[in-house]
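1. Return atomic coordinates for the entry below.
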Amino acid sequence: MKKIILNLVFLLVLVSTAMAQEKDYKNGVGLSLRLGENAKDFSLGLGITSPWFWSNSSAIRLNADLPFRADTWKPYASLSLSWLGGTFMKTADIRLYGGGGPLFIFPIDKSEPTVLIGGQGFFGFEFFVNSEKTGFVYFIELGGSGTGSVGKKAQRRYATGFTAMTGFRYTIPVKK
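-> A predicted model of the protein is given here:
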């Protein structure tokens with residue numbers, strides 16, 4: 001099942017990269033603040049996105065989140081690294097993108113393993129405030145994640161299921 005999901009995410013990145021526009025917009029490093037639901041667990045997070053490359057069609061993103069388990073409200077930490085592929089809409093200041101990559105879960109409870117490894121994938125929309133494609137951006141991301149690891153006490157899988165994230169990102173311009 002993991003191979004199928006990873007292959008679908010890889011295919012999504014390839015397709016979105018192949019359909020990328022040639023127009024060169026300003027580019028930069030994106031710093032984001034996000035909140036949402038990660039497999040029924042409320043989550044707060046921070047992220048950093050590399051400047052988009054290959055004609056603004058690909059980027060790399062690192063997210064650090066602090067989810068709170070829905071059944072106990074105990075926090076745990078997660079770290080994800082994503083390869084992104086996307087394109088701008090021709091008729092609006094919106095970027096459509098998809099991505100995925102490894103997911104690392106760090107349970108705080110001492111009775112749990114130190115680190116759990118899984119994967120995650122998503123698609124998203126960035127709504128730009130201005131036509132320069134820098135500055136403030138609002139975003140929505142929907143997808144899924146999975147570790148296949150069950151917590152000993154709660155008997156519920158960590159970060160396995162549907163994810164929905166929203167937030168804002170500030171893109172610091174670095175080139176035209």
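
2. which stretches of the protein have low pLDDT?
-> 1-26, 149-156, 175-176 (pLDDT under 70).

3. in it, which spans are helices?
-> For the chain, the helices defined by DSSP state H occupy 2-18.

4. What ranges does it have for its strands?
-> 27-38, 41-49, 58-68, 76-88, 94-107, 116-128, 135-146, 161-175 (DSSP state E).

5. how about TSV for those, with mean neighbour count added?
-> Quick note: C-beta positions are derived from backbone N, CA and C, even for glycine. Below are the strands of the chain laid out as TSV (neighbours: other C-beta atoms under 10 Å):
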stretch	mean neighbour count
strand 27-38	18
strand 41-49	18
strand 58-68	18
strand 76-88	21
strand 94-107	21
strand 116-128	19
strand 135-146	18
strand 161-175	16
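
6. Endpoints of stretch 47-62, how far apart?
-> By C-alpha to C-alpha, to the nearest Å, the extent of stretch 47-62 from end to end equals 6 Å.

7. quick check, distance from it to the centre of its chain.
-> 12 Å (C-alpha atoms, centre = their mean, to the nearest Å).

8. same question, stretch 114-131
-> 2 Å.

9. cool, stretch 42-58 as well?
-> That offset, for stretch 42-58, works out to 8 Å (C-alpha atoms, centre = their mean).

10. okay, how far is it across that stretch, tip to tip?
-> End-to-end distance (C-alpha to C-alpha), stretch 42-58: 28 Å.

11. show me what contacts the closest residue to residue 148 other than its chain neighbours?
-> In this structure, residue 148 finds its nearest non-sequential neighbour in residue 118, 6.3 Å apart by C-beta to C-beta, 6 or more residues apart in numbering. Applying C-beta atoms under 8 Å, 6 or more residues apart in numbering to residue 118 gives the contacts 102-105, 145-149, 159-160.

12. Next: residue 43.
-> 34-37, 65-68, 78, 165.

13. again, but for residue 159
-> Residue 159 neighbours (C-beta under 8 Å, 6+ apart): 38-39, 41, 67, 78, 103, 105, 118, 120, 145-147.

14. 6 Å instead?
-> Contacts of residue 159 were listed using C-beta atoms under 6 Å, 6 or more residues apart in numbering, and they are 38-39, 105, 145, 147.

15. ok, the residues you listed vs residue 138, which is closest?
-> residue 38 (19.4 Å; C-beta to C-beta).
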